[in-house]
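Enquirer: Here's my sequence, what's the structure:
(chains A, B and C)
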Amino acid sequence: MSTSRDRILDRLRAAQPLAVAVKPSNGHLPMVPLGGQSPAGLRAQFIEQAEKLACIIHQPAAGTDAIQTVLGIIGADRLILSWGLEHIGLPGFAEALATSGIRATQAREASARIGVTGVDACLAATGSLVIATGVGKPRVASLLPPVHIAIVRPGQIIADFETWVALQHRNGPDDFRAQASQVVISGPSRTADIAMQLILGMHGPGELHLVIVGAYRGNI
Amino acid sequence: MTLPKREDPQGKRVSLFVTCLVDMLYPATGWAVVDILEYLNVQVDFPPNQTCCGQPGFNAGHRADARQVAIQFLKAFKDAQVIVTPSGSCAAMVRHEYPDLFAEDPLWGAEAARVAAITWEITEFIVDGLGITDLHLRLPARNVFAFHDACHGLRMLGLGRAARALLGSTENAVVGELAESDVCCGFGGLFSVKMADVSGAMLERKISQIEACPAETIVCGDASCLMHINGGLSRQASSKSVRHIAEILAAGLPDKTK
Amino acid sequence: MKVTSNAFIPVAQVALLDHEMRRSVHEGTTTAYQKRLIGMFQSGEEHGEAMRQQAAQAKRRALSRLPQLLEQAEANLTANGAHVLWAEDGDEANRLVLEIARRHGAQSVVKSKSMVSEEIGLNHALEGQGIEVIETDLGEYIIQLAHETPSHIVAPVIHKSLASIRDLFIQQLEMPPTDDAGVMARFARQVLRAKFIAADMGITGGNFVIAETRTVCLVTNEGNGRLVTSLPRIHIAIVGIEKIVETLADYATLTQILPRSATGQSLAVYTHMYNGPRRSGETDGPEEMYVIFVDNGRSEIYGTKYAEVLTCIRCGACMNACPVYRSTGGHAYGWVYPGPVGAVLTPLLNGLENARPLPHASSLCGACKQVCPVDIDLPRMLLDLRDDLFQQGHAEGIWKWGLKLWALGNQSPLLFELGGRAARTLTGGRAPRKLPGPLRGWSKFRDFPPFAKKSFRQQWRERRGT
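Expert: Below is the predicted model:
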């Protein structure tokens, strides 16, 4: 007794080989030809692209300045949605939050105005963040609140999507698949559905802060 | 899509394919092409049994009918060494469609491939075939022009560059820009009558760009677009008109014996 | 969705009288067209064209191995913890979704934009069973409120003016009157946020399915895709079988060329990759993930000369470039997919007899092929479909006989010349006021030139003797 699956696959197989012209591929050009860039060059490129996307860039010199920057954005709020703080990679952050009386939660708190996360990688060519899911890295932290603060450590800025893809292969496909999901975020949420007018903050965060930590000596 | 490669046409006799529209409605365009070619010391003949390239029927999906008409073309041009035509769309029909149309045909297949490899639109013939970008022409009076790029010529044959080079090097010709010059005028063969309202809307857009353009004369390489756009311009009693590139260039020839 | 494409000509006639719609569509398409130019060629024309070819090869390679890649994707999506189902047609797909909803007691659904779900009429099927379905993409939400259908595959309300959207929100959502698009969007955000949080099930489409990594991929700009797949406990991804790509590297090319072609963006704001349901210990993401591979006529196309149309990545560039679409808007095409790709897909997926005018709704200008990021030869397919229409007996009598007459007249130089002279005589050397019979549409908008007193060949004979 054949199933829909069988019938579909049988029909497809019966039509092979296709007459569609396929030239053999000679390598994979990256969409954005960056050329070999130093870490400093990648950082500059990342910042330039992210700013074009209306990201707000902060470049604190060291870890302690970064914490001050983040607290500055949090302002008078006493609740933030965030990754488990051990995943953000900002030593002293947990203590600073506690001192300021700010509670960090991983639950889907609808009232939280600010979400704080780290990133898994940054793509210089397009000013994008790559965020993967994982235990202690709730999706809602970069999704529900209207303001998203992403902590970026310098070694995390890589050239482009193609480089990120190559890294996934280097780490082995199981690693990639072990993650339920990855998302590449390029700027704050936006829509142009109303008469082509660009509006930020449709469903996702309308404000995206990138805190790029400077001469940071923590573990990457 | 790769077009059949063409041999160097220098020194060869040119057979004019004047096209059905030019023959019946715009014969002056045909003479303009002859005048320019003879000015360049090219020997020109006119195979008398030519009719149409078959494009209207082909585009309408009536391939068998189109094939019959195309066979007449093949018969008429069987002695041609080089074929030159003042129409990008007709040249595209011959170069692009004839080989496929006769691919399985034991009788006409070879001939179809042959003519596809010897057919030129007039501006590409001068610039790419003969290697001339400056005809040393001088228009009797200063005139501002802008190009409308006929679709088939532009997208299938890469035309436009050659015509601009030739007009650009003509004295007293000022070439400006027409907004959306590469957007279809709405002719599309029988589309213009089968889908008349849509065709009319596309024409409306083209005409509004023409009226907003500083040029008085719009230049085009296809009598079909020209007929369609001029039809709309005259219906609206516009002061502007579209003229064929060959006629504009011919007006700048030094020795006009027309 | 019901196919009404046979009414293209009268529907287009009415649409052409709607000046507000025409203004909106023209503005939207030409803006997107300009943005595409900037986005696609920011690293130079040569590079942009090279990337088009690279994208075309990636999709064609995948297409040529489609059944093998589908099996590969299924085996390991399953190993990743997702459930893979197959639907031959829309009815089966809807049945599968309803079964899943019943099994999990889902009463409310939030949807991210999916054109294949429009094809199969999913919303209607769910609502028929008392399940609440909310479209969350702002454009699709507006469509839903207005009880319309989308008119563009990327910008569903490209045909609506700001004023009409404002009025809709005032009437349906009790929004306080405003002409500020930002205020309107924020109002909708707040309404929809509650829906996201309360929904039992999230349904998305899928832009690509990567066989190598067994990943379902989605692109959105608004963030609704993320919400739909993070908050509800069930996620169903409905994808056409042709969405398969081979490798993550191919995906990197395609997921970057898609936004560049569509809106000029280097990447969509959210480029998502879903490998499976949430992992143990995670606090959000779906508990169950289903992927439904939908055929709905695609496997029939696969075996034909039109197979290449299955490489379409649904960017919308063709309709932005199409001067016919720019004039009529999308509704005239009568189905889910409008514009050039719609003129090809609609007859192929629904039968030529249900979309007879569509292959003729084109001047064959070629702009669509020029902008297609995977280089589909749409003009060629339209020509072939016109040939199919003729072969299958759908050519209108008047044109069949008219073109037979034309062919006869053009096969004989004598008849050709006689015909020309007859036309000259009949029109008395003046511009004919009205063209006869099926050609009368010409005279609605255009004058016709007078026939030359002497044809070129006559003049040649007189001057040159031969």
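
Enquirer: so how far is stretch C:264-279 from its chain's centroid?
Expert: Relative to its parent chain, stretch C:264-279 has a centroid offset of 22 Å by CA atoms, centre = their mean, to the nearest Å.

Enquirer: Please put the alpha-carbon coordinates of that stretch into CSV.
Expert: Provided in CSV are the C-alpha atoms of stretch C:264-279 (Å, rounded to 0.1, in the frame of the first residue of the first chain):
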residue,chain,number,x,y,z
GLY,C,264,17.9,45.4,-1.5
GLN,C,265,18.7,44.3,2.0
SER,C,266,22.0,42.4,2.5
LEU,C,267,20.2,40.0,4.9
ALA,C,268,16.7,39.9,6.2
VAL,C,269,16.6,41.2,9.7
TYR,C,270,16.0,37.6,11.0
THR,C,271,17.5,34.7,9.2
HIS,C,272,16.4,31.7,11.1
MET,C,273,17.6,28.1,11.0
TYR,C,274,15.5,25.4,12.7
ASN,C,275,17.0,22.0,13.3
GLY,C,276,14.4,20.5,15.6
PRO,C,277,12.3,21.1,18.7
ARG,C,278,13.7,22.5,21.9
ARG,C,279,16.5,20.6,23.6
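
Enquirer: Could you give me the buried positions within it?
Expert: Within stretch C:264-279, the residues scored as buried using 16 or more other CB atoms under 10 Å in any protein chain shown are C:264-279. In this view, the C-beta of every residue, glycine as well, is placed from N, C-alpha and C.

Enquirer: neighbours around residue B:155, how many?
Expert: The local packing of residue B:155 (other CB atoms under 10 Å in any protein chain shown) involves 22 other residues.

Enquirer: Ok, residue C:377 next?
Expert: Number of residues near residue C:377 (other CB under 10 Å) recorded here: 16.

Enquirer: now swap in residue C:437 and tell me
Expert: So residue C:437, with other CB under 10 Å, has 8 neighbours.

Enquirer: Hmm, residue C:396 and it touching each other?
Expert: No - contact criterion CB atoms under 8 Å: residue C:437 and residue C:396 do not qualify, at 11.9 Å.

Enquirer: Torsion angles phi and psi at residue A:189?
Expert: Residue A:189 has phi and psi values of phi -60, psi 150 when expressed as degrees, to the nearest 10.

Enquirer: my guess is it meets residue C:221, correct?
Expert: Yes - using CB under 8 Å, residue A:189 is in contact with residue C:221, at 7.1 Å.

Enquirer: Give me the common contacts of these two.
Expert: Among the neighbours of residue A:189, those also in contact with residue C:221 (CB atoms under 8 Å, 6 or more residues apart in numbering or on different chains) are A:202, C:269, C:270.

Enquirer: ok, now which ones touch residue C:242?
Expert: Contact partners of residue C:242, counting by CB under 8 Å, 6+ apart, are C:63, C:66, C:298, C:310, C:311, C:312.

Enquirer: Residue A:4 too?
Expert: Residue A:4 neighbours (CB under 8 Å, 6+ apart): C:86, C:87, C:88, C:92, C:295.

Enquirer: Pull out the buried positions in the longest helix anywhere in chain A.
Expert: Scanning chain A for the helix with the most residues, using DSSP state H, yields helix A:39-52. The neighbour-count check on helix A:39-52 (16+ other CB under 10 Å) flags A:42, A:43, A:45, A:46, A:47, A:49, A:50 as buried.

Enquirer: Run through those residues and flag the ones next to chain C.
Expert: residue A:49 (CB under 8 Å from any CB of the partner chain).

Enquirer: Counting neighbours, what do you get for residue 114?
Expert: All of this refers to chain A. 24.

Enquirer: Not quite, go with chain B.
Expert: Using other CB under 10 Å, residue B:114 has 18 other residues around it.

Enquirer: how much space between it and chain C?
Expert: The spacing between residue B:114 and chain C, counted by CB to the nearest CB, to the nearest Å, is 20 Å.

Enquirer: tell me the secondary structure for that residue?
Expert: At residue B:114 the chain is in helix, as set by DSSP: H, G, I helix; E, B strand; the rest coil.

Enquirer: Pull up the per-residue confidence for the residue lying farthest from the centre of chain B.
Expert: Computed with CA atoms, centre = their mean, the maximum C-alpha offset from the centroid of chain B is found at residue B:106, amounting to 30.2 Å. As predicted, residue B:106 sits at a pLDDT of 95.

Enquirer: ok, it to chain C distance?
Expert: Counting by CB to the nearest CB, the gap from residue B:106 to chain C is 20 Å.

Enquirer: ok, so of the buried residues of stretch C:264-279, who is nearest residue C:446?
Expert: Proximity of those to residue C:446 (CB to CB) peaks at residue C:264, which lies at 35.8 Å.

Enquirer: pLDDT below threshold where in the chain?
Expert: If you meant another chain, say so; for now it's chain A. Low-confidence segments of chain A (pLDDT under 70): A:1, A:25-26, A:215-220.

Enquirer: wait, chain B
Expert: Along chain B, the parts satisfying pLDDT under 70 run over B:1, B:256-258.

Enquirer: Domain ranges for it, per the record?
Expert: As assigned by automatic domain parsing, chain B contains the domains B:14-129, B:138-256.

Enquirer: which residues sit in contact with residue C:456?
Expert: B:18, B:22, B:23, B:24, B:27, B:30, B:31.

Enquirer: For the residues you listed, which two are the farthest from each other?
Expert: B:24 and B:31 (14.3 Å).

Enquirer: sorry, back to before: kindly reformat the buried residues of helix A:39-52 as CSV containing distance to residue C:235.
Expert: Below are the buried residues of helix A:39-52 laid out as CSV (distance: CB to CB, whole Å):
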residue, distance to residue C:235
A:42, 34
A:43, 36
A:45, 35
A:46, 31
A:47, 35
A:49, 31
A:50, 29
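
Enquirer: Nearest to residue B:243, out of the buried residues of helix A:39-52: which one, please.
Expert: residue A:49 (48.0 Å).

Enquirer: Apart from its neighbours in sequence, what residue is nearest that closest one?
Expert: residue A:127 (2.9 Å; CB to CB, 6 or more residues apart in numbering or on different chains).

Enquirer: Correct me if wrong: the one you found contacts residue A:53.
Expert: Yes - with contact defined as CB under 8 Å, residue A:127 reaches residue A:53; the gap is 5.3 Å.

Enquirer: still on that earlier bit, restrict the contacts of residue C:242 to those near chain A?
Expert: Within the contacts of residue C:242, those near chain A by CB under 8 Å from any CB are C:63, C:66, C:311.

Enquirer: what about the first one, helix or strand, and which?
Expert: Following DSSP states H and E, one finds residue C:63 within helix C:45-64.

Enquirer: Quick one: mean pLDDT over that helix.
Expert: Mean predicted confidence for helix C:45-64 is 96.

Enquirer: same thing with stretch C:225-244?
Expert: pLDDT averaged over stretch C:225-244 gives 94.

Enquirer: and residue 37, how many neighbours?
Expert: Just so you know, I chose chain A. For residue A:37, the neighbour count with other CB under 10 Å is 15.

Enquirer: I was after chain B.
Expert: The tally of other residues near residue B:37 (other CB under 10 Å) stands at 20.

Enquirer: so it touches residue B:84, yeah?
Expert: Yes - using CB under 8 Å, residue B:37 makes contact with residue B:84 at a distance of 6.9 Å.

Enquirer: Quick check: neighbours shared by those two?
Expert: B:14, B:16.

Enquirer: Can you name the residue of the stretch 101-250 of chain C nearest chain B?
Expert: residue C:159 (14.7 Å; CB to the nearest CB).

Enquirer: And residue B:13, its phi and psi?
Expert: Dihedral angles (degrees, to the nearest 10) for residue B:13: phi -70, psi 140.
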